[in-house]
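Student: I need the structure of the sequence given here:
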Amino acid sequence: MERYEGPASGVERKSSRTDMVSDADRDAEELVRDLLAAERPDDGLLAEEGSASEAASGRRWVVDPLDGTTNYLYGFPAWNVSVALEDGQGSLVGVVHDPLRGETFTAVRGAGAWLGERRLEVRAPSGLDTTLVATGFGYSPERRAAQAELLTRVLPHVRDIRRAGAAALDLCWVAAGRVDAYYERGLNHWDWAAASLVVSEAGGEVRELPGDPFGLMASAPEIADGLYALVG
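Tutor: Numbering: from 1, shown residues only. Okay, the predicted model is just below:
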């Protein structure tokens, strides 16, 4: 927050000219990494900016220190910090923090999903044609072209499309009823490890999309089959 909308430092490109990383990403990851090393030294770690360690405990933390870096660098108000704890069954704990709104989404397997003290429950629209759908786009021109072509097939069948640019927030907003559904391809593990648990613990259905690159969709169970038929 101290750096938000201030001069960016250490900005570099990763997979393409539009896929960026900054000192804010790196320093946030270092802070989380050092805290976990002190508090949970036997746990493993997988983080977006390269931090990784093997687990001796059977548990692993999955960290996206700044989900929505482009938004952050532009001053666009949709970015977050995402932290998940996994065990042999998948995500056990998920936390997604939105510093700008002061909102923290949390979930524990089998114990529900929460926004602060409010328990979350996905909203079921009356049908696919009234579904407000969030999505995102990749960085390579080829992937973006394929996603644009899919969008022309999806858009006529739903209420509308929203694109915020931060996958973890999109998923949490499904859980909170701010959008009805979400789909995207080209996701990395840290993009969804925490937030997918928030959706499922809010009563939503999360499905992997077949084929390559890796993709997910999330919605209320009542519209999951219809959405999957469109985007799967």
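Student: now the end-to-end length of stretch 80-95.
Tutor: Using Cα to Cα, to the nearest Å, the end-to-end distance of stretch 80-95 comes to 10 Å.
Student: Contact partners for the spatially closest residue to Tyr72 that is not a sequence neighbour?
Tutor: Leaving aside its sequence neighbours, Tyr72 sits nearest to Trp79 (Cβ to Cβ, 6 or more residues apart in numbering; 4.5 Å). Yep, even glycine has a C-beta here, placed from its N, CA and C like the rest. By Cβ atoms under 8 Å, 6 or more residues apart in numbering, Trp79 lies in contact with Leu66, Asp67, Gly68, Thr69, Asn71, Tyr72, Asp98, Leu100, Ala166, Leu169.
Student: rerun that using 6 Å as the cut-off
Tutor: Neighbour list for Trp79: Gly68, Asn71, Tyr72, Ala166 [criterion: Cβ atoms under 6 Å, 6 or more residues apart in numbering].
Student: and the two most separated of these?
Tutor: Tyr72 and Ala166 (9.2 Å; Cβ to Cβ).
Student: Same drill for the two, tell me which one is more crowded.
Tutor: Ala166 (28 against 25; other Cβ atoms under 10 Å).
Student: For that one, which non-adjacent residue is closest in space?
Tutor: Spatial nearest neighbour of Ala166, chain neighbours left out: Gly68 (3.4 Å); criterion: Cβ to Cβ, 6+ apart.
Student: List phi and psi for that neighbour.
Tutor: According to degrees, to the nearest 10, the main-chain angles of Gly68 amount to phi 100, psi 40.
Student: What about it, how many residues nearby?
Tutor: 25.
Student: Same check on Val93?
Tutor: If we define neighbours as other Cβ under 10 Å, then Val93 has 18 of them.
Student: just checking, it touches Gly110?
Tutor: No. In this structure, Val93 is not within contact of Gly110 by Cβ atoms under 6 Å, at 11.0 Å.
Student: From Glu30, how far off is Val11?
Tutor: Distance, Val11 to Glu30, by Cβ to Cβ, to the nearest Å: 17 Å.
Student: pull the longest helix from the chain.
Tutor: helix 23-39 (DSSP state H).
Student: unless I'm mixing things up, Phe105 is touching Val95, no?
Tutor: No. Phe105 lies out of contact with Val95 (Cβ under 6 Å); the separation is 7.1 Å.
Student: More neighbours: which of these two?
Tutor: Counted by other Cβ under 10 Å, Phe105 and Val95 do not tie: Phe105 has more neighbours, with 29 against 20.
Student: what sits against that one?
Tutor: Counting by Cβ under 6 Å, 6+ apart, Phe105 has contacts Val96, Leu115, Cys172, Val198.
Student: Which of these fall within strands?
Tutor: Among the contacts of Phe105, the members falling in strands (DSSP state E) are Val96, Leu115.
Student: among the contacts of Phe105, which two are most distant?
Tutor: Val96 and Leu115 (9.7 Å).
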